[in-house]
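>>> dropping the sequence and predicted coords here.
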There are 2 protein chains.
Amino acid sequence: MTKPAPKLTPKGLATRARIVEATARLIYEHGVHGTNNELIRRTTGVSGSQLNHYFPDKEGLVRAVIQWRAEEVIAAHRANFGALDSIDSLRRWADWYGADELAAERGCGYGSLAAEIIKKDLDLHEELAAGFARWQELFRDGLRAMRDRGDLRPDADPGHLTRVLMAALQGGMLLAQAARDLAPLREALEGAIAYLTTFAPGPR
Amino acid sequence: MTKPAPKLTPKGLATRARIVEATARLIYEHGVHGTNNELIRRTTGVSGSQLNHYFPDKEGLVRAVIQWRAEEVIAAHRANFGALDSIDSLRRWADWYGADELAAERGCGYGSLAAEIIKKDLDLHEELAAGFARWQELFRDGLRAMRDRGDLRPDADPGHLTRVLMAALQGGMLLAQAARDLAPLREALEGAIAYLTTFAPGPR
């Protein structure tokens, strides 16, 4: 969780949030190395000493950006797809990503941040893994509910199916970005959901 | 294909190849922005004027690196998995990646290069897409042979199944890197191959 320094006033919290949000967008556009203090100051109107007050080092700022991006994608999922506890809601989820033209250009907000940071010499793996884990909890909870309800067989493993879905999303995004075409993303998600449906009960 | 400038002597070709290979490794370790001419010169022992002779601009050098990485992964596939035209050979392929400890740390040589470059302002999308396409041809050809032989039903789409496999590999790699654990990659590939087997003929 985002843990602000103690004693931040509401105004201080708002400034901190503004820095994090602006930096998230800058990293998305310019990468981690391309996002320096000067660019952040110019974009946010925050002074160097203010920036230094909230984020004494870049690693702390990037950590806050990872947390912000994770919260963002999780909030978007909750708002758009509810509990993700039916094949229909998962199909709506897949269709949503499969129609996201910006994704073919820029990829997943969280996934491309992860891919960008993972190669850097910043020690932020645990933060990245934690963000993916929190995001994946939504799917695991939904799939578990489906299994408990009997929409999936008892041998369906919600954790496994979640990882298959998330890998399809992330890999499909990379292929879509390279091809500048959403088709590989759509097909990857379609395949993952078709695999999921093989765990539906009933006569086969 | 790699298209060297005309009139390169065998020695010139070897120097050029040495530059490309060294740059590929440098980009893998330091990223595109972290790989500058000085680092390349120091690593290869090539002079600035030589480097400039073979690669007048960075885009051309990175393009050659993309081609080299694509050839490398394709050659490794051919050597290790033959025609990839059976479920067994695809399982061997999945097991190979699923046991590649370096992958959990650094990801796929080609995929992480793609993820790195895709966000940069270099105009190399077509080259990246072409490399993925050549790599994917191996799978498409193998899956087509399986279908023609009757190991997959006539409604199995080799292109679709290839994209599902490749997305699982790339997305699984990203999750494995974030988690520093190969399990998500193994599960993603397992899911993709299980999906593939739903297209096997026979009584169900």
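Okay, I see it. In this text, all values refer to a predicted model and were calculated from it rather than measured experimentally. Numbering: from 1, shown residues only, chains lettered A, B, ... in the order given.

>>> tell me the buried residues in stretch A:193-204?
For stretch A:193-204, burial by neighbour count (16 or more other C-beta atoms under 10 Å in any protein chain shown) applies to A:I193, A:Y195, A:L196, A:F199. C-betas here are computed from N, CA, C, even on glycine.

>>> what sits against the first one?
The neighbours of A:I193, taking C-beta atoms under 8 Å, 6 or more residues apart in numbering or on different chains as the test, are A:I87, A:L90, A:R91, A:A94, A:L165.

>>> mind checking how far the second one is from chain B?
Going from A:L90 to chain B by C-beta to the nearest C-beta, to the nearest Å gives 14 Å.

>>> and the helix or strand of chain A with the lowest mean pLDDT, what does it pack onto?
Between all helices and strands in chain A, the lowest mean by mean pLDDT, DSSP states H and E belongs to helix A:101-106, at a mean of 79. Where contact means 3 or more C-beta pairs under 8 Å, 6 or more residues apart in numbering or on different chains; DSSP states H and E, helix A:101-106 is packed against helix A:158-179.

>>> wait, A:L124 sits on A:I66?
Yes: the pair A:L124 / A:I66 is scored as a contact, 6.4 Å apart, by C-beta atoms under 8 Å.

>>> so between the two, which is more surrounded?
More neighbours surround A:I66 than the other of A:L124 and A:I66, with 25 against 21 (other C-beta atoms under 10 Å in any protein chain shown).

>>> what strand or helix carries the closest residue in space to that one that isn't next to it in sequence?
Distances taken as C-beta to C-beta, 6 or more residues apart in numbering or on different chains put A:E127 closest to A:I66, at 4.8 Å, once the chain neighbours are dropped. Assigned by DSSP states H and E, A:E127 belongs to helix A:125-149.

>>> tell me which other helices or strands that helix touches.
helix A:58-81, helix A:87-98, helix A:109-118, helix A:158-179, helix B:158-179.

>>> quick one: those helices as a markdown table, columns for distance to A:D151 too.
Formatted as a markdown table, the entries for the helices and strands packed on helix A:125-149 read as follows, by distance: least, C-beta to C-beta, whole Å:
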| stretch | distance to A:D151 |
| --- | --- |
| helix A:58-81 | 16 |
| helix A:87-98 | 7 |
| helix A:109-118 | 28 |
| helix A:158-179 | 12 |
| helix B:158-179 | 23 |
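
>>> domains in chain A, by residue range?
Chain A breaks down by automatic domain parsing into domains covering A:1-56, A:69-197.

>>> quick check: buried residues in the least confident helix or strand of chain A?
Those would be A:A103, A:A104, A:R106, for helix A:101-106 by 16+ other C-beta under 10 Å.

>>> got a list of contacts for that helix?
So helix A:101-106 is contacted by A:Y28, A:Y97, A:S112, A:M173, A:A176, A:Q177, A:A179, A:R180, A:D181, A:L182, A:L185, B:K119 (C-beta under 8 Å, 6+ apart).

>>> recalculate using a threshold of 7 Å.
Contacts made with helix A:101-106 from outside it, assessed by C-beta atoms under 7 Å, 6 or more residues apart in numbering or on different chains, are listed as A:Y28, A:Y97, A:S112, A:M173, A:A176, A:Q177, A:R180, A:D181, A:L182, A:L185.

>>> same question, stretch A:82-99
Contacts for stretch A:82-99 (C-beta under 7 Å, 6+ apart): A:80-81, A:103, A:138-139, A:142, A:145-146, A:151, A:169, A:182, A:185-186, A:189-190, A:193, A:197.

>>> keeping just the C-alphas, turn that stretch into PDB.
Output of stretch A:82-99 as PDB, limited to C-alpha atoms (Å, rounded to 0.1, in the frame of the first residue of the first chain):
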ATOM      1  CA  GLY A  82     -17.800  -6.200 -11.100                       C
ATOM      2  CA  ALA A  83     -16.800  -9.500  -9.400                       C
ATOM      3  CA  LEU A  84     -15.500 -11.200 -12.600                       C
ATOM      4  CA  ASP A  85     -17.300 -14.300 -11.400                       C
ATOM      5  CA  SER A  86     -18.900 -15.500 -14.600                       C
ATOM      6  CA  ILE A  87     -17.800 -16.500 -18.000                       C
ATOM      7  CA  ASP A  88     -19.900 -13.600 -19.300                       C
ATOM      8  CA  SER A  89     -18.000 -11.100 -17.200                       C
ATOM      9  CA  LEU A  90     -14.700 -12.500 -18.300                       C
ATOM     10  CA  ARG A  91     -15.700 -12.300 -21.900                       C
ATOM     11  CA  ARG A  92     -16.700  -8.700 -21.400                       C
ATOM     12  CA  TRP A  93     -13.300  -8.100 -19.800                       C
ATOM     13  CA  ALA A  94     -11.600  -9.700 -22.800                       C
ATOM     14  CA  ASP A  95     -13.700  -7.800 -25.300                       C
ATOM     15  CA  TRP A  96     -12.800  -4.500 -23.500                       C
ATOM     16  CA  TYR A  97      -9.100  -5.100 -23.800                       C
ATOM     17  CA  GLY A  98      -9.600  -6.500 -27.300                       C
ATOM     18  CA  ALA A  99     -11.200  -3.200 -28.400                       C
END
